[in-house]
Each structure stands twice: as C-alpha cells, then as structure tokens.
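**Q** structure here, sequence nowhere to be found:
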C-alpha cells in the first residue's frame, strides 16, 4: 500500500530581514548568504524525505525563490505579507500555503533547520499520521518553541508560531510528538544554536560557509 504523502509548507522571509540574531555569526560571511544557506539546506532535506510528496516555499525573496525552485520545490508568493509582528506574518504565510496546498496531509516547517535529516522528518510525519483528525507538533530543542506542525486531511493547520508556541499549539488542541529527532528539533536563531547544529552535522551549504569562515587549524 502506498504511504500517504505530505505537503510541507516552508515560509522564508526576505533575506535582508531574516535571522537577525545570527548577524555576524560567521565573520566575513554576508548575513544574507548565511540566511539563504539555512533555508536551502532545510528545503533540500525536506525534498529528500520519503514521506513528503511536495514542498511549498512561501516567499517574496527572488533569490530564495529561484534557488528553491531549481531544487524542486514549488514557490508561492507571500500574498498576505501582513501582520503586527514577525510571528503574525509567519502564521499568515503558513495559512496561505496550507490553503494553497488544496487539502490532504499538510505540515508547516520552520526554515532554519540546517542539520535536518530527512529520516527524522519522515519519522515525525509518520507519527503524526497515526491519529486521524488531530494536529500534531514537534517542539524545538529547548521545548518552548515549535519546529513542525502537522495537520491531517480536512483539519485546518491553525498555526500558532511565535514566543511560547509549543504551549499555544497544545492549548489549541494539537498533540506533542515525543520522538528524540535532534536534527529536527535544532532550529537556529543564535550563534550558540548554530554551533550545536554544527555538532549534529550541517547541510552542505551552511557547512561550506562555516568552513570558509572558520577553517580547522593545521
């Protein structure tokens, strides 16, 4: 029997405003290049996941759009691009992507998972599919944020990303998935996060930037 495939929605901000707390994390590396590498390594891992049938990147950044389209993802302009803060705009982009996906199994994923392994994402999505009619989420490594929100067919994604999103998703009726999945849970917001992700094994684009910035001493 063919396993159901998920559509994964990945919102990506315009690079000039993305990942502001990482600015200067890799000396000599342009900030926008790092933000782009994080997003592309994330999207590449999602595309390689056997539980995923389609990847929908919501973005208004032309560089991101060209790169992810070349990789095999579908690009959707961030038509809402509105809200009082970054979290509101992120949730609007996720709702827009989920609506465009046209039903079926839909998940929202953050774009800052440069160490993500396709097998871990697949395990989480398969776990989310075991209980019909219920949304599931995966909290980030600290436990208060969210990296993945998954909704079965016929159930709105209803994203609540932002500060304290794990508690917000739980309060909205979503169930937390308890798998270890260290590379899925390791989102990158700060230089310290990037160092932890490097220990897990960065994707090729982020790894190349990190190696060029900080070569191993002879």
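**A** Structure received. Quantities reported herein were computed from a predicted structural model and do not represent experimental measurements.

**Q** where does pLDDT dip in this structure?
**A** Across the chain, the ranges flagged by pLDDT under 70 are 1-4, 214-218.

**Q** tell me where it has helices.
**A** 31-47, 62-71, 86-101, 118-128, 165-171, 182-185, 191-200, 204-213 (DSSP state H).

**Q** what sits up against stretch 15-32?
**A** 12, 34-36, 38-39, 61, 63-64, 112, 188-191, 194, 209-210, 212-214 (CB atoms under 8 Å, 6 or more residues apart in numbering). (Each C-beta comes from the backbone N, C-alpha and C, glycine too.)

**Q** give me the buried entries from the residues you listed.
**A** 12, 34-36, 38-39, 61, 63-64, 112, 188, 194, 209-210 (16 or more other CB atoms under 10 Å).

**Q** now, the most widely separated pair of the residues you listed?
**A** 61 and 210 (21.8 Å; CB to CB).

**Q** wait, what's in contact with the residue nearest the centre of the chain?
**A** Geometric centre of the chain, nearest residue: residue 110, 2.3 Å, by CA atoms, centre = their mean. By CB under 8 Å, 6+ apart, residue 110 lies in contact with 10, 42, 146-148, 161, 187.

**Q** how does it look with 6 Å?
**A** Residue 110 makes contact with 147, 187 under the criterion CB atoms under 6 Å, 6 or more residues apart in numbering.

**Q** surely residue 139 is in contact with residue 166?
**A** Yes. If you go by CB atoms under 6 Å, residue 139 and residue 166 touch, sitting 4.2 Å apart.

**Q** how many neighbours does residue 69 have?
**A** 12 (other CB atoms under 10 Å).

**Q** which ones are touching it?
**A** Contacts of residue 69 by CB under 6 Å, 6+ apart are residue 75.

**Q** now do it against residue 206, distance only.
**A** 20 Å (CB to CB, to the nearest Å).

**Q** ok, now residue 119?
**A** 19 Å.

**Q** which of those two has more residues huddled nearby?
**A** When neighbours are counted by other CB under 10 Å, residue 119 and residue 206 differ, and residue 206 comes out ahead with 26 against 16.

**Q** how much space separates the more buried one from residue 21?
**A** Counting by CB to CB, the gap from residue 206 to residue 21 is 16 Å.

**Q** with residue 81 instead?
**A** Using CB to CB, one gets 22 Å for the distance from residue 81 to residue 21.

**Q** between those two, which one's more packed in?
**A** residue 81 (15 against 12).

**Q** contacts only, for that one.
**A** No contacts exist for residue 81 under CB under 6 Å, 6+ apart.

**Q** cool, and residue 202?
**A** Here residue 202 is in contact with 114-115 (CB under 6 Å, 6+ apart).

**Q** can you tell me how far it is from residue 20?
**A** Distance from residue 202 to residue 20, by CB to CB: 20 Å.

**Q** for residue 77, same thing?
**A** 23 Å.

**Q** what does residue 160 give?
**A** Distance from residue 160 to residue 20, by CB to CB: 22 Å.

**Q** next: residue 157.
**A** 26 Å.

**Q** more crowded one of these two?
**A** residue 157 (21 against 12).

**Q** cool, thanks, signing off.
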